[in-house]
Each structure stands twice: as C-alpha cells, then as structure tokens.
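> Got a predicted model here, sequence first, then my questions.
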Amino acid sequence: MDLTYFDPLIKAGISLQNLYIYTIISAIKGFILTAFGVYAGILLWLKKSSGIKMIKIYLIIVSVVAIILTTWLLLQLSEVNIAVRFLGSVMVAILGLASNLIWFFYFIYSERVKNTYIQQ
C-alpha cells in the first residue's frame, strides 16, 4: 500500500493506529471549529455584541487545539532527525498563534469594535 503522505510519519515511528486517530481527531476538529467560526462570524456580521465574546472564545479554542495537536504529533516521533523535518509545522502553529493573539487583542482594545458592537 502506497502511503505517500503518511510514509515519512510511519518511518518516523508513528503507528498506523496513531495516524488513524490523528486523522479522525483532525477531521472532527475541523468540522466543529468551522461550524463555530461560521456561527461567530454570523454574529459579528449581524453586529451582535455577543459576536465579540464568541470570536474571542473561538480564537482561544483554535489556539489551544493547535498547540495540543502539534504537541501530540511531535511526541509521536521517535527519531530526532525526523522531528526536525516537522519543525515547519511547529512554525506554522506559532504563526497561527501569533495571528490569533493579534486578532484577540484587536477585539479587546479596538475603538472601532467598541463603537460598532459594544455601544448599541
């Protein structure tokens, strides 16, 4: 069986069962976070003040889930050389966290947000 995408992970020592679990968790996570993000986005679009709270919760959840999944994947690697290859995914997670922090603080301190959503 040709597992082009998963082959480096299998060679790194991750079992097929762990890959299966990771894939299922990632799919469920994607569905739930997308649905929640759409819900928060609709609240913002409708200019509901609860939209700010929902988007902050969304940003926190996305950040925590990214940290957990990236950490879990890296802990599954048995060879240090292979772990270095996955440093890119860690960098993507860090950039995502930085982006989420910027947006989180924007929703806290922005005058535009306060004028649009808080003072209704």
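Nice, I can see it.
> Need the CA coordinates for stretch 104-111. CSV is fine.
In CSV, the C-alpha atoms belonging to stretch 104-111 read as follows (Å, rounded to 0.1, in the frame of the first residue of the first chain):
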residue,chain,number,x,y,z
PHE,A,104,-7.8,38.7,20.1
PHE,A,105,-6.2,42.0,21.3
TYR,A,106,-7.7,43.8,18.4
PHE,A,107,-11.2,42.8,19.6
ILE,A,108,-10.3,43.8,23.1
TYR,A,109,-8.8,47.2,22.5
SER,A,110,-10.1,48.5,19.2
GLU,A,111,-12.2,51.7,19.3
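> how many neighbours does residue 49 have?
12 (other C-beta atoms under 10 Å). Any C-beta I mention is one placed from the backbone N, CA and C, and that applies to glycine too.
> Run through the residues that contact the closest residue to it other than its chain neighbours.
Leaving aside its chain neighbours, residue 49 sits nearest to residue 117 (5.0 Å; criterion: C-beta to C-beta, 6 or more residues apart in numbering). Residues near residue 117 by C-beta atoms under 8 Å, 6 or more residues apart in numbering: 44, 47, 48, 49, 51, 52.
> go with 7 Å
Residues in contact with residue 117, defined by C-beta atoms under 7 Å, 6 or more residues apart in numbering, are 47, 49, 51, 52.
> Please report how far the second one lies from residue 63.
Translated: residue 49. 23 Å (C-beta to C-beta, to the nearest Å).
> can you check residue 104 too?
To residue 63, residue 104 is 8 Å away according to C-beta to C-beta.
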